[in-house]
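Asker: the sequence and its predicted three-dimensional model are supplied below.
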Amino acid sequence: MSDSAALPSAGLARRLAALLYDAMLVLAIWIGIGFVAQLLVGDQVNEVIDGRVQTDPLFGAALFAMMCASAAAFYVGFWLRGGQTLGMLAWRIRAQSRNGGLMTARQALLRFLCAWPALFLFGLGYLWLYFDPDGDAAHDRASASRVVVLPRRRK
């Protein structure tokens, strides 16, 4: 077991703060994707019916798929590269394998897929860290990973 495996687990406040930072970045990516997609297809995919904008279902599904893929690429890419997204870097936390090393691609993808229900089921997956003996959230357990607090760097 490496030294990084012995680091303390990150609490809920740090995790949510990093998630908020990352959500702003992912939102910016989604806005860019939507803008480029709208430029490419023009305004023929949208029409106003009874005062509401209706989007072509095929275009909407394609846009949703691009948004999901870009979010997965953002999180999985950062976790595989160094274990930290930009929000995690700001809050000094890192997602890592149980042994303290970087996650595998399978772990990172599983973590990403399990984190969505953990958040959107009233945050129950995140609240699980208060009941877990190791302080892990549900998606940490599911992916055999953990989120740790990194020590402060000395100047």
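Answerer: Looks like it arrived, so ask away.
Asker: for the chain, just list every one of the strands.
Answerer: Counting by DSSP state E, one finds strands in the chain at the ranges 46-49, 52-55, 93-97, 145-149.
Asker: got the contact list for stretch 130-144?
Answerer: With Cβ atoms under 8 Å, 6 or more residues apart in numbering as the test, stretch 130-144 has contacts from 8-12, 15, 97-98, 103, 107-108, 110-111, 114-115, 118, 124-126, 128-129, 146-147. The way it works is simple: take the backbone N, C-alpha and C, and place the C-beta from them, glycine included.
Asker: and that stretch, what's buried?
Answerer: 135-144 (16 or more other Cβ atoms under 10 Å).
Asker: hmm, back to that, inside helices: which ones of the contacts of stretch 130-144?
Answerer: If you go by DSSP state H, the contacts of stretch 130-144 have 12, 15, 107-108, 110-111, 114-115, 118, 124-126 in helices.
Asker: for the residues you listed, which one is nearest residue 86?
Answerer: residue 15 (14.5 Å; Cβ to Cβ).
Asker: residues touching the closest one, list them.
Answerer: 93, 126, 137, 147.
Asker: roughly how far apart are it and residue 140?
Answerer: Using Cβ to Cβ, to the nearest Å, residue 15 is found at 10 Å from residue 140.
Asker: before we move on, the earlier item: now the contacts of residue 15 as JSON lines including distance to residue 40 and pLDDT?
Answerer: Listed next are the contacts of residue 15 as JSON lines, based on distance: Cβ to Cβ, whole Å; pLDDT from 0 to 100:
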{"residue": "93", "distance to residue 40": "38", "pLDDT": "98"}
{"residue": "126", "distance to residue 40": "37", "pLDDT": "95"}
{"residue": "137", "distance to residue 40": "38", "pLDDT": "96"}
{"residue": "147", "distance to residue 40": "38", "pLDDT": "97"}
